[in-house]
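[1] Dropping the sequence and predicted coords here.
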Amino acid sequence: MKKNFLLGAAGVAIVASAALIASDSATDSATAGGRELVKFVKGSVQPVFAGSLGKGATNYVLDYKVTNAVSDAVKPGIRLELRTETGKTFGDVYDAATWRAAKDALGSKTELSSAASIRGADLASGASVDGLANFGAIDPNADKFDVRVYGLWDPVFRDRQGRTWMETRVLVLSYSRSGDEYDRQLDPIRLESSKEEIEGEVVQLHTGK
């Protein structure tokens, strides 16, 4: 009876070890990720007033620079959105008045491209482009928010075992701002962290040899 118990325990240990190896394998694959296609250099999130006196709105913008990080020309698949801790999401929308106001506020001598225009053109190896994201008038009740940047990494990659995977790797920039819901355009905005994150599941496309 004792012998059978020991064999049973050994069997459980083998199963547990196999599960752990499988888990580690998936983790390694998820950690490896696809190659970086474009480098992203953030500017600052700031409010800009777009419009004439008495008309217009305060919109929140983020200036940035993207650079082709590979040897071939690429069409950067960049996309940005802002998510607040109040559960609201604000997309990146082009607005001519906001672009003019942001360019003046930043003192930029170059044109600032929208993510849509960056996605639509080839970017030569090593070349850079200055971009601007406009998230509009975000929730005045939000004290914290994340800017999520998509399209910086190749979503498909192969691990050392020859298996092919697909993932959505995102750059997450986390910010905070102090104050109440009034005159939020005067509240200082502080970057709290910058990290890579896998959104959703890592999907295996090919098992390899």
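    Sure thing, it's come through. These numbers were taken from a predicted model, which means no experiment stands behind them. Numbers count the residues shown, from 1 in each chain.
[2] Pass me the low-pLDDT residue ranges in the protein, would you?
    Flagging of the chain using pLDDT under 70 yields the residue ranges 1-32, 52-55, 208-209.
[3] Please, where are all the helices along it?
    2-32, 96-106, 115-119 (DSSP state H).
[4] Quick check, central residue of the chain?
    The centre of the chain sits closest to residue 149, judged by C-alpha atoms, centre = their mean, with a distance of 2.5 Å.
[5] Excluding residues flanking it in the chain, which one is nearest that one?
    Leaving aside its chain neighbours, residue 149 sits nearest to residue 171 (4.1 Å; criterion: C-beta to C-beta, 6 or more residues apart in numbering). C-betas here are computed from N, CA, C, even on glycine.
[6] Residue 41 too?
    Here the nearest residue to residue 41 in space, its sequence neighbours aside, is residue 65; by C-beta to C-beta, 6+ apart that works out to 4.5 Å.
[7] okay but that neighbour is in contact with residue 130, surely?
    Yes. Between residue 65 and residue 130 there is a contact under C-beta atoms under 8 Å: 5.4 Å.
[8] So which of the two has more stuff around it?
    Here residue 65 and residue 130 are set side by side on neighbour count (other C-beta atoms under 10 Å), and the busier one is residue 130, at 18 against 14.
[9] Surely that one touches residue 113?
    Yes. Shown here, residue 130 and residue 113 form a contact pair, counting by C-beta under 8 Å, at 6.6 Å.
[10] right, and the residue nearest to the centre of the chain touches residue 170 too?
    Yes. Using C-beta under 8 Å, residue 149 is in contact with residue 170, at 6.6 Å.
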